[in-house]
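*Asks:* how would this look folded up:
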Amino acid sequence: MANLKEIRNRITSVSSTMQITSAMKMVSAAKLKKAQDAITAMRPYAEKLTELLQNLSATLEGEVGGDYTTQREVKKVLLVAITSNRGLCGAFNTNVIKEIKNRTQFYAGKQVDVFPIGKKGNDVLAKTHKVHGHHNAIFDHLTFDNVAGIADNLTQKFLSGEYDRIELIYNQFKNAATQIVQTEQFLPLAPIKSDAAVAAGDYIFEPSKEEIVLTLIPKSLKTQLYKGIRDSFASEHGARMTAMHKATDNATELRNQLKLTYNKARQAAITNEILEIVGGAEALNG
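*Replies:* Next up, the predicted model:
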């Protein structure tokens, strides 16, 4: 059994760790509330924009979308990995990296490159894939305008023929304890289908429907990427809050066990001292 001094040092160390994890949990909880409000407020807009694009496209004849819907033979694929800049958030980053590796195996025999957004994904994937720079600073100023620049960069890579397919891989926020890894096709646009087509005579369009659709597509792509990053950002804080909550609970349990061990060792030491005193006294009397 460890001596009393060693146990006291361990209790102090575990208590300090527990204070750190508890503070990190509270910080993540505060940031999660803000990030959750942002993604919750944005989802109706993104869904309505997609619905509008679908309804317009459903009333048009022939292929709609121009170069954005061009289906080429898939030879070169770009995977956009959205992770975080910091760790201590459980399996949040690991799940995205695993999905990147699964998609790489799915496209075996084809050129698969990675476009990392987030330092953790970039550090790991740079060892196994060709990566296109890093885009870690986006989380310092997460605005639509900053994300729009990245979306334009990705769009240009597809339109120029540099890549035949671009996919987004990120954690979708469900709640603080649950994040779902999503793989979404970014480009080319999937064929747009609508369950309920809009009657052609319901609205008067100015300019034409075709022009409106071609204007909405770039905005829809920017919104899709922004929504993915916002989802990932909220998921990161949810995963970190959950991880720090579990770490705090484990530290509390370990501290209680150490205190129990310490008290037992201390009681045993006191008992031994009493026995030695009593034995010494009896020896003197005898």
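*Asks:* shouldn't Y170 be within a strand?
*Replies:* Yes - counting by DSSP: H, G, I helix; E, B strand; the rest coil, Y170 is part of a strand.
*Asks:* for it, what are its contacts?
*Replies:* With contact set as C-beta atoms under 8 Å, 6 or more residues apart in numbering, Y170 has these partners: A81, I82, V96, V181, Q182, G228, I229, D231, S232, S235. (Each C-beta comes from the backbone N, C-alpha and C, glycine too.)
*Asks:* and it, how far is that from M241?
*Replies:* 18 Å (C-beta to C-beta, to the nearest Å).
*Asks:* now do the strands in this structure.
*Replies:* 76-82, 111-117, 130-131, 165-175, 178-187 (DSSP state E).
*Asks:* could those be laid out in JSON lines, adding distance to L56 and mean pLDDT?
*Replies:* Formatted as JSON lines, the strands of the chain follow (distance: least, C-beta to C-beta, whole Å; pLDDT from 0 to 100):
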{"stretch": "strand 76-82", "distance to L56": "27", "mean pLDDT": "96"}
{"stretch": "strand 111-117", "distance to L56": "29", "mean pLDDT": "96"}
{"stretch": "strand 130-131", "distance to L56": "37", "mean pLDDT": "93"}
{"stretch": "strand 165-175", "distance to L56": "23", "mean pLDDT": "95"}
{"stretch": "strand 178-187", "distance to L56": "19", "mean pLDDT": "94"}
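*Asks:* okay, the ones you listed in CSV with distance to K259 next?
*Replies:* As requested, those are exported to CSV (distance: least, C-beta to C-beta, whole Å):
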stretch, distance to K259
strand 76-82, 43
strand 111-117, 45
strand 130-131, 48
strand 165-175, 34
strand 178-187, 34
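*Asks:* go through the contacts of Y170 and name the one nearest I270.
*Replies:* S235 (52.2 Å; C-beta to C-beta).
*Asks:* the closest one contacts F92, correct?
*Replies:* Yes - contact criterion C-beta atoms under 8 Å: S235 and F92 qualify, at 6.5 Å.
*Asks:* so if I had to pick from these two, which one is more boxed in?
*Replies:* Ranked by neighbour count (other C-beta atoms under 10 Å), S235 and F92 place S235 first, with 31 against 24.
*Asks:* which residues does that one contact?
*Replies:* Contacts of S235 (C-beta under 8 Å, 6+ apart): F92, Y170, N171, Q172, F173, Q179.
*Asks:* tell me the one of those residues nearest G109?
*Replies:* Y170 (25.5 Å).
*Asks:* tell me what the closest residue to the closest one other than its chain neighbours is bridged to.
*Replies:* Closest residue in space to Y170, ignoring its immediate chain neighbours: I82 at 3.8 Å, by C-beta to C-beta, 6 or more residues apart in numbering. For I82, the beta-bridge partners under DSSP bridges are I117.
*Asks:* start at 219 instead
*Replies:* Taking 219 as the first residue, the last one we looked at is I300.
*Asks:* helices of the stretch 319-468 of the chain, residue ranges please.
*Replies:* 337-343, 362-377, 427-503 (DSSP state H, counting those that start in this stretch).
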